[in-house]
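S.K.: Have a look at this fold, sequence not included:
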C-alpha cells in the first residue's frame, strides 16, 4: 500500500546549526520542503553559501525544494548598551529612549534608537513594547529627541531588541537601504520566494515587485503580515502578493496576544479564498530550540493551523540555531500527518455558487469535485506557471496533486502549495497524443503510481503556454 505524502509543507530556516553538508542532507531527508534564508542575520556571503549548499544537497538527494528569502525590512530596534550583558528593568522604573544618544552608550536610565523618527510618532499614554512584548513601557512625555517612559512590565533587556507600539502606527517604510542591496544580491541566485517584511498596504507589494523584477529575478512575493495596519488592508495585500505569512511575533505584539488566534484564522481563510498560499510562522516549536520534545501547547498550535488550512508551517530558530534541528523537523512531520488524518482536514468546502472567469480555474475545480466523489488515486496536472495546481490546492482533499512541469521555477514555486508535489517533466518532448501516457509512465517509474490506479489528468491543448489548461481526463494506469 502506497503511503500518501504529507500535504502540509515544512519550511526550515537555515543557520549555523545546519551549515554542514551532513546536517543539511539530514534536514532535507527529514522532510523539509522549503528552506528559508533570513537576511536579518549573517552576511550576504554566509547566506549565499547556505542557498548553494541546500540546492546542492537537494540535487544529490534527487529532491525538489523551494528557496524563500526573508528581507529584514524596517524592524525598529533600540541601540546597544555599554554593558554587553544589558540591564534589568523593574516595574515603576523610569527609562528613556533617546534618538540622539550614542548608539553604544545605553545604560540603566536610557538607550539609543535606530529609528530617529520615533519621538515625533508617539505621545503620552502610548504603550511601547520591547523584545516581542516582554518589556512594556508607557510614554510619560516627549522632550525633543527623548521619549521618557515608565516601566509597566520589566525584565532583562539587552542590545538591539525590537520595538513596537501597541496598536501599530509607526510609519517606517517597508523597504530599507539594506533591503535594496539584498534584492540586488539575490538576483545572482535561484530564489523562489522573497518575503517582504512589515508591508502596510498594496503599494508596498507593488513597489517591491517592481524592484525585484528590475534585477531580472522571477521570485514571487510573500507578504509578511506583522503590522496592525496590514490587517486593515488585508484583502488588497493578499491580492497584490503571491502568498502571505502570518508572522505572529511582531503581529502579536502590535494587536495583542489575545487577539492573535482569531486573526490567524481570518488571514488563512482570506488567503485560501483568494487563491493564495499561506504560511504560519513564529514560535511553532519554540521549546525545541533547547529541548528534544515539544510542549503539548505547541503540538496543538501546529495542528490547529493545519486544520485551519495553512499551506505551510515554518521553523525559525528551531532549525537555524537550535540544538535539535533534525529532530524538530521529524516531530513537526509527525504532527502534520496526524492532523491531516482528521476528517475536517480533508472535508471538501467547494462553493456551488462560484463563477470562474478563467477556464483553467474551472478545470481545476472540476478536477477536485471529481476527485472528492470518485475513487481517484492522484491528480496529475501538466503546468507551465503553477496556477492550476494552486487553484486545486485551495480545495480540501486527501488526494495528492502532482504538478508536472518543465520549468524549474514552477517546480520550486509549487513546493509551497498544500498537497502539491513537483515532478520534472518536459511535455515538449512528446507528440500531443503521447503526453498523458508519458506522464503516467514517469510517475510509475518513480513508484508514485501502480498499474490499475485511476487518476485525473489536466492539461492544455495549446502546449507550452501558461494559463491555458482546458482539458480533463479520467485515466487508468
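M.R.: Cool, got the structure. Nothing here was measured: the structure is a model prediction, and the numbers come from that model.

S.K.: where does the chain have its least confident helix or strand?
M.R.: Between all helices and strands in the chain, the lowest mean by mean pLDDT, DSSP states H and E belongs to helix 343-346, at a mean of 70.

S.K.: Quick check: nearest residue in space to residue 470, chain neighbours excluded?
M.R.: residue 359 (5.1 Å; C-beta to C-beta, 6 or more residues apart in numbering). In short, each C-beta sits where N, CA and C put it, glycine included.

S.K.: The one you found reaches residue 469, doesn't it?
M.R.: Yes. The pair residue 359 and residue 469 qualifies as a contact (C-beta atoms under 8 Å) at a distance of 7.3 Å.

S.K.: Of those two, give the one with the bigger neighbour count.
M.R.: residue 469 (29 against 14; other C-beta atoms under 10 Å).

S.K.: My reading is that that one lies in a helix. Confirm?
M.R.: No. Under the criterion used here (DSSP: H, G, I helix; E, B strand; the rest coil), residue 469 is coil, not part of a helix.

S.K.: rewinding a little: quick one: residues in contact with the next helix-or-strand element following the least confident helix or strand of the chain.
M.R.: For helix 343-346, the succeeding helix or strand toward the C-terminus, using DSSP states H and E, is helix 359-371. The contact list for helix 359-371 (C-beta atoms under 8 Å, 6 or more residues apart in numbering) reads 275, 348, 350, 354, 356, 376, 379, 381, 387-389, 391-392, 395, 397, 399, 456, 458, 460, 467-472, 474.

S.K.: The residues you listed, buried ones only, as a PyMOL selection?
M.R.: This is how PyMOL selects the buried members of these, with burial counted by 16 or more other C-beta atoms under 10 Å:
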select buried, resi 376+379+381+387+388+389+391+392+395+397+399+456+458+460+467+468+469+472
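
S.K.: Flag every buried residue along stretch 371-390.
M.R.: Buried residues in stretch 371-390 (16+ other C-beta under 10 Å): 371-372, 376-390.

S.K.: again with stretch 28-45
M.R.: Neighbour counts using 16+ other C-beta under 10 Å place 28, 30-39, 41-42 of stretch 28-45 among the buried residues.

S.K.: Could you report the pLDDT at residue 105?
M.R.: On pLDDT, residue 105 comes in at 95.

S.K.: Next, count neighbours for the residue nearest to it when sequence neighbours are not counted.
M.R.: Closest residue in space to residue 105, ignoring its immediate chain neighbours: residue 82 at 5.8 Å, by C-beta to C-beta, 6+ apart. The number of residues packed near residue 82 is 12, by other C-beta under 10 Å.

S.K.: I'd assumed residue 102 was in contact with residue 82.
M.R.: No. Residue 82 is beyond contact range of residue 102, at 9.1 Å (criterion: C-beta under 8 Å).

S.K.: Three-state assignment for residue 170, please.
M.R.: Taking three-state DSSP, the label given to residue 170 is coil.

S.K.: which residues touch it?
M.R.: 76, 115, 117-118, 121, 164.

S.K.: Compare those residues and tell me which is most surrounded.
M.R.: Per-residue neighbour counts (other C-beta under 10 Å) across these peak at residue 164, which has 26 neighbours.

S.K.: Surely it is within a strand?
M.R.: Yes. Under three-state DSSP, residue 164 falls within a strand.

S.K.: hey, what's it bridged with?
M.R.: residue 129 (DSSP bridges).

S.K.: pLDDT value on it, please?
M.R.: For residue 164, pLDDT reads 89.

S.K.: And residue 250, how close does it get to residue 265?
M.R.: Going from residue 250 to residue 265 by C-beta to C-beta, to the nearest Å gives 18 Å.

S.K.: if I look at residue 201, how far off is residue 401?
M.R.: 33 Å.

S.K.: what about the strands in the stretch 201-350 of the chain?
M.R.: Under the criterion DSSP state E, counting those that start in this stretch, the stretch 201-350 of the chain carries strands at the ranges 220-225, 243-247, 277-281, 312-315.

S.K.: Tell me which of those sits nearest to residue 412.
M.R.: strand 220-225 (9.5 Å; C-beta to C-beta).

S.K.: which residues touch that closest one?
M.R.: 68, 70, 73, 192-199, 205, 208-209, 212, 230-231, 234, 237-238, 240-247, 251, 267, 279, 413.

S.K.: Centre of the chain to it, how far?
M.R.: Relative to its parent chain, strand 220-225 has a centroid offset of 8 Å by C-alpha atoms, centre = their mean, to the nearest Å.

S.K.: Output the strands of the stretch 201-350 of the chain as a markdown table; include the columns distance to residue 134.
M.R.: Below are these laid out as a markdown table (distance: least, C-beta to C-beta, whole Å):
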| stretch | distance to residue 134 |
| --- | --- |
| strand 220-225 | 21 |
| strand 243-247 | 17 |
| strand 277-281 | 19 |
| strand 312-315 | 21 |
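
S.K.: Of all these, which one is nearest residue 140?
M.R.: strand 243-247 (30.5 Å).

S.K.: mean confidence score for that closest one?
M.R.: Per-residue scores along strand 243-247 average to 97.

S.K.: That strand: partners in the sheet, and parallel or antiparallel?
M.R.: Strand 243-247 has these strand partners (DSSP bridges): strand 220-225 (parallel), strand 277-281 (parallel).

S.K.: now for those strands, which one comes closest to residue 18?
M.R.: strand 277-281 (17.4 Å).

S.K.: can you map out the helices along the stretch 201-350 of the chain?
M.R.: 202-214, 228-232, 234-240, 248-255, 260-273, 296-308, 317-320, 325-340, 343-346 (DSSP state H, counting those that start in this stretch).

S.K.: Show me what the first one is packed against.
M.R.: Counting by 3 or more C-beta pairs under 8 Å, 6 or more residues apart in numbering; DSSP states H and E, the packing neighbours recorded for helix 202-214 are helix 177-186, strand 193-196, strand 220-225, helix 234-240.

S.K.: on that earlier part again, could you export the helices of the stretch 201-350 of the chain to JSON lines, including columns for mean neighbour count and distance to residue 22?
M.R.: JSON lines is the format used below for those (neighbours: other C-beta atoms under 10 Å; distance: least, C-beta to C-beta, whole Å):
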{"stretch": "helix 202-214", "mean neighbour count": "17", "distance to residue 22": "33"}
{"stretch": "helix 228-232", "mean neighbour count": "20", "distance to residue 22": "40"}
{"stretch": "helix 234-240", "mean neighbour count": "18", "distance to residue 22": "40"}
{"stretch": "helix 248-255", "mean neighbour count": "24", "distance to residue 22": "30"}
{"stretch": "helix 260-273", "mean neighbour count": "18", "distance to residue 22": "35"}
{"stretch": "helix 296-308", "mean neighbour count": "18", "distance to residue 22": "27"}
{"stretch": "helix 317-320", "mean neighbour count": "26", "distance to residue 22": "15"}
{"stretch": "helix 325-340", "mean neighbour count": "21", "distance to residue 22": "10"}
{"stretch": "helix 343-346", "mean neighbour count": "14", "distance to residue 22": "34"}
